[in-house]
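In: How does the following fold in three dimensions:
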Amino acid sequence: MKILVTGATGYVGSRLVPRLLEEGHEMRTTTTDASREGPWWSDSVETVEMDIGDDAQVSSAVEGMDAVYYLIHGMGGEDFVDKDRQAAERMAGAVDEHGVSRVVYLSGIVPPGDPVSLSDHITSRHEVEQILSRSSATALTLRAAVLVGSGSTSFEIVRQVSERMPVQTVPSWMDSRVQPIAVVDAVEALVGALTAEVETRSYDIGGPEPLHYAELLDRYAKVAGLERPQVEVPLVPTDLVGSLVGVITDVPAPTVEALVESLHHDMVCAEDDFLAELLPEGYALVGLDESLRRSLVEPSDEISADPAAADPMGPLPQDPSWANGGDGGSLAGRAAGAVRAIVDGVGGAAGRAAAG
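Out: Have a look, this model is predicted:
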């Protein structure tokens with residue numbers, strides 16, 4: 001098949017493209033800057049410059065393709081909901097124009113309940129899903145919660161918070177559950193979605209073990225060999241938690257804040273039919289502890305020299321600069337800033353509660 005992968009140099013895309021090449025597909029990928037050095041697999045694909053805000057460039061990128069992987073989304077910042085909507089509409093229009101037969105979109109799990117209560121991050125992903133599903137192509141949406149793997153945004157937040165804070169402060173409201181999935185399993189499901197004999201629909205995809213967010217932090221600490229006692233902290237508002245995590249980690253602040261908003265909801269699979277319909281027969285999901293261990297591999301000259309032979313769960317050359325644990329900065333300074341944020345936030349929240 002002739003396949004377009006948008007967002008191909010991102011975390012998931014950079015791991016998906018080599019798997020699709022293994023399957024023998026003819027690949028086209030997009031970049032926003034054609035002069036920038038491409039990934040290690042770039043000589044095996046056609047690369048075109050595409051600004052998702054440019055109708056002509058989107059149409060040109062889609063032309064001649066049998067299928068499109070849509071791996072573009074905003075994680076915060078000004079007007080990201082509107083920008084995501086417009087981008088999806090532009091892609092859906094190009095899909096219709098050129099008769100693409102299949103679209104595969106990686107989204108986030110949509111928890112049950114009143115849509116008004118959901119974060120902008122979740123509602124935007126769902127809106128993009130609906131737009132792509134109205135196109136003339138068969139559109140499959142794969143909804144994931146936390147992707148476990150070195151360089152994954154969610155994983156890096158867990159890693160950097162655990163590594164940099166000697167005590168894990170857990171807001172009392174953070175009792176929701178999450179179902180992490182190893183990135184290699186998510187990629188395998190994405191590959192399977194290309195040829196699954198189904199109509200337009202969504203799949204929840206998750207690993208074998210749902211657990212509470214606090215348990216995920218604890219499991220990471222144990223696998224990493226860290227002693228990290230947990231302390232429950234009451235009266236901490238969500239926006240403060242976002243600011244706090246932004247102080248501790250190297251992950252871009254808008255991304256952190258968008259993800260923290262989701263912590264109020266259970267992010268677990270409603271169904272597990274993706275196992276039978278998207279994965280090869282007999283495929284075994286990677287367990288949580290194993291996925292954490294494989295994600296903790298350190299970058300090395302060997303990986304840089306031959307990334308194609310490296311475990312996709314570990315670091316790869318195209319991962320963001322804040323991946324692999326980040327640069328750490330001044331740990332003492334970060335910890336002090338985090339403590340001040342907690343104290344100030346709790347004091348302010350208590351004052352507001354008393355006033356109310």
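In: From now on I want contacts and neighbour counts done on CA atoms only, so please keep to that.
Out: OK.
In: Can you tell me the SS state at Ala270?
Out: Here Ala270 is coil, with the state taken from DSSP: H, G, I helix; E, B strand; the rest coil.
In: and the closest residue to it other than its chain neighbours, helix, strand or coil?
Out: Nearest residue to Ala270, sequence neighbours excluded (CA to CA, 6 or more residues apart in numbering): Asp204, at 6.7 Å. With three-state DSSP as the basis, Asp204 sits in strand.
In: OK, contacts around Asp204?
Out: Ile109, Leu142, Arg143, Ala144, Val268, Cys269, Ala270, Glu271, Asp272, Phe274 (CA atoms under 8 Å, 6 or more residues apart in numbering).
In: okay but the fifth one is in contact with Ile181, surely?
Out: Put plainly, it is Val268. No. Val268 is beyond contact range of Ile181, at 10.4 Å (criterion: CA atoms under 8 Å).
In: what is in contact with those two at once?
Out: Taking CA under 8 Å, 6+ apart as the criterion, Val268 and Ile181 both touch Ala145, Gly206.
In: Who does the residue nearest to Ala270 form a beta bridge with?
Out: Applying DSSP bridges to Asp204 gives these bridge partners: Arg143.
In: All the strands of the stretch 201-350 of the chain, residue numbers only.
Out: Per DSSP state E, counting those that start in this stretch, the stretch 201-350 of the chain carries strands over the ranges 201-205, 211-212, 230-233.
In: what's the neighbour count on Glu22?
Out: For Glu22, the neighbour count with other CA atoms under 10 Å is 8.
In: what's the distance between it and Pro166?
Out: According to CA to CA, to the nearest Å, Glu22 stands 43 Å off from Pro166.
In: contacting residues for Ser124?
Out: Residues near Ser124 by CA under 8 Å, 6+ apart: Val81, Asp84, Arg85.
In: per-residue pLDDT, it?
Out: pLDDT recorded at Ser124 is 90.
In: swap in Val286?
Out: pLDDT recorded at Val286 is 99.
In: How much space separates it from Asp185?
Out: In terms of CA to CA, Val286 sits 7 Å off from Asp185.
In: I'd guessed His265 sits against Pro111; true?
Out: Yes. With contacts counted by CA under 8 Å, His265 reaches Pro111, the gap being 6.5 Å.
In: Show me which of these two is the more surrounded one.
Out: Counted by other CA under 10 Å, His265 and Pro111 do not tie: His265 has more neighbours, with 20 against 16.
In: okay, now Gln318: neighbour count?
Out: Neighbour count for Gln318, taken as other CA under 10 Å: 18.
In: residues contacting it?
Out: Here Gln318 is in contact with Thr9, Gly10, Tyr11, Ser14, Pro39 (criterion: CA under 8 Å, 6+ apart).
In: again, 7 Å this time
Out: Residues in contact with Gln318 (CA atoms under 7 Å, 6 or more residues apart in numbering) are Thr9, Pro39.
In: any idea how far Val48 is from it?
Out: The spacing between Gln318 and Val48, counted by CA to CA, is 18 Å.
In: And for Gly108?
Out: Distance, Gly108 to Val48, by CA to CA: 27 Å.
In: Which of those two has more residues huddled nearby?
Out: Comparing Gly108 with Val48 by other CA under 10 Å, the one with more neighbours is Gly108, at 22 against 18.
In: any idea of the pLDDT on the more buried one?
Out: 93.
In: now do Arg352
Out: So Arg352 comes in at 41 (pLDDT).
In: One more: Gly151?
Out: Looking at Gly151, its pLDDT is 95.
In: that's a helix at it, yeah?
Out: No. Assessed by three-state DSSP, Gly151 does not belong to a helix; its assignment is coil.
In: any idea how far it is from Pro208?
Out: Taking CA to CA, one finds Gly151 at 21 Å from Pro208.
In: swap in Trp322?
Out: Separation of Trp322 from Pro208 (CA to CA): 28 Å.
In: Next: Thr30.
Out: In terms of CA to CA, Thr30 sits 33 Å off from Pro208.
In: So which of those two has more stuff around it?
Out: Legend: neighbour count by other CA under 10 Å for Thr30 and Pro208, higher for Thr30 (22 against 15).
In: Buried subset of the contacts of Asp204, written for ChimeraX?
Out: Buried subset of the contacts of Asp204, written as a ChimeraX selection, criterion 16 or more other CA atoms under 10 Å:
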select :109,142,143,144,268,269,274
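In: could you dump the contacts of Asp204 to a markdown table with distance to Glu261?
Out: Listed next are the contacts of Asp204 as a markdown table, based on distance: CA to CA, whole Å:
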| residue | distance to Glu261 |
| --- | --- |
| Ile109 | 13 |
| Leu142 | 21 |
| Arg143 | 17 |
| Ala144 | 16 |
| Val268 | 16 |
| Cys269 | 19 |
| Ala270 | 20 |
| Glu271 | 23 |
| Asp272 | 25 |
| Phe274 | 26 |
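In: Name the nearest of the contacts of Asp204 relative to Asp239.
Out: Closest approach to Asp239 among the contacts of Asp204 (CA to CA): Ile109, at 21.3 Å.
In: Would you mind measuring from the residue nearest to that closest one when sequence neighbours are not counted to Asp289?
Out: Nearest non-adjacent residue to Ile109, counting by CA to CA, 6+ apart: Arg143, 4.6 Å away. Using CA to CA, we find Arg143 at a distance of 22 Å from Asp289.
In: Could you do Arg177 as well?
Out: Distance, Arg177 to Asp289, by CA to CA: 17 Å.
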